[in-house]
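Undergrad: Provided below for reference: sequence and predicted model.
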Amino acid sequence: MKAKVLIIEDVAELSDLVALYLSKEGMEVRRAESAESALAMLRAVGAEAFSPDIIILDINLPGMDGFEFLGEYRKAGAAPVLIVSARDADEDIIAGLGHGADEFVTKPFSPRVLVARVRAMLRRAQEAPSARDARSIRFGPYSLDLEACVLRRGEERVALSAKEYAVLAFLAANPGRPLDPETIYSSVWKNAYGDVTAVAVYIQRLRRKLEADPSSPRHIETVYGMGYRFTLDPERGPDGGGR
């Protein structure tokens, strides 16, 4: 089955170039010149419906910018998002990750390298967690389905991006064990080198979605000087005893 890609880019020449390279790799590509038209495409039903496996997003768009698009899309959409932008300041990269992007590539870029990144992101989105000794992991009111790659609170699905799911699955597969940011980054991003601060961004995003009080987390704790520890049963504590 062809991977489906949505390119949101207002520079036609660049959009055409990326689409050409992706199409040569056997991917189905659709394009939108604005965030508003992209959202309309994603919300369409019937024959006009399009559910991408990955989204390539520019930040500087006419009307709604890329950050605003991410805020709207992440309310329900979980496909990986790759930002491609000429804005390369640390603040822009951190803001992109914080709004729900999974990767950030700066312009100018090599189309071949971009295609390789897209393939790597698609592959990671399809991969199962490294530890798979159960079909699901339950914690508090949540159930993490390791086969469907879905998090539910009761019967309600919790919208997670591919990277949010990957970080949560890795943490949940190692309950009670302090994990430093470098280990999490290497395991989830499949890269020994890179911007490890992305881990903290995703931890905060997960806390906002999972914790009753994100400022005092019970499932994803900070272990000062060591990293983060996931606790399945906060009432018992990570060592099995009471808190």
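TA: Nice, I can see it.
Undergrad: buried sites along the lowest-mean-pLDDT helix or strand in the chain?
TA: Lowest by mean pLDDT, DSSP states H and E among the helices and strands of the chain is helix 90-99, with a mean of 84. For helix 90-99, a neighbour-count test (16 or more other Cβ atoms under 10 Å) marks D92, I93, I94, A95, G96, L97, G98, H99 as buried. Yep, even glycine has a C-beta here, placed from its N, CA and C like the rest.
Undergrad: Distance to G66 for those - can I get that in JSON lines?
TA: Formatted as JSON lines, the buried residues of helix 90-99 follow (distance: Cβ to Cβ, whole Å):
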{"residue": "D92", "distance to G66": "10"}
{"residue": "I93", "distance to G66": "12"}
{"residue": "I94", "distance to G66": "14"}
{"residue": "A95", "distance to G66": "10"}
{"residue": "G96", "distance to G66": "7"}
{"residue": "L97", "distance to G66": "12"}
{"residue": "G98", "distance to G66": "13"}
{"residue": "H99", "distance to G66": "8"}
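Undergrad: With adjacent residues omitted, what lies nearest to the residue nearest the centre of the chain?
TA: Centre of the chain computed as the mean C-alpha position; nearest residue by Cα atoms, centre = their mean is K163, 3.0 Å away. Nearest residue to K163, sequence neighbours excluded (Cβ to Cβ, 6 or more residues apart in numbering): D102, at 4.1 Å.
Undergrad: for the buried residues of helix 90-99, which one is nearest Y202?
TA: Closest to Y202 out of those is L97 (7.2 Å), distances taken as Cβ to Cβ.
Undergrad: rewinding a little: so which of the buried residues of helix 90-99 comes closest to E72?
TA: E72 lies nearest to H99 out of the buried residues of helix 90-99, by Cβ to Cβ, at 10.0 Å.
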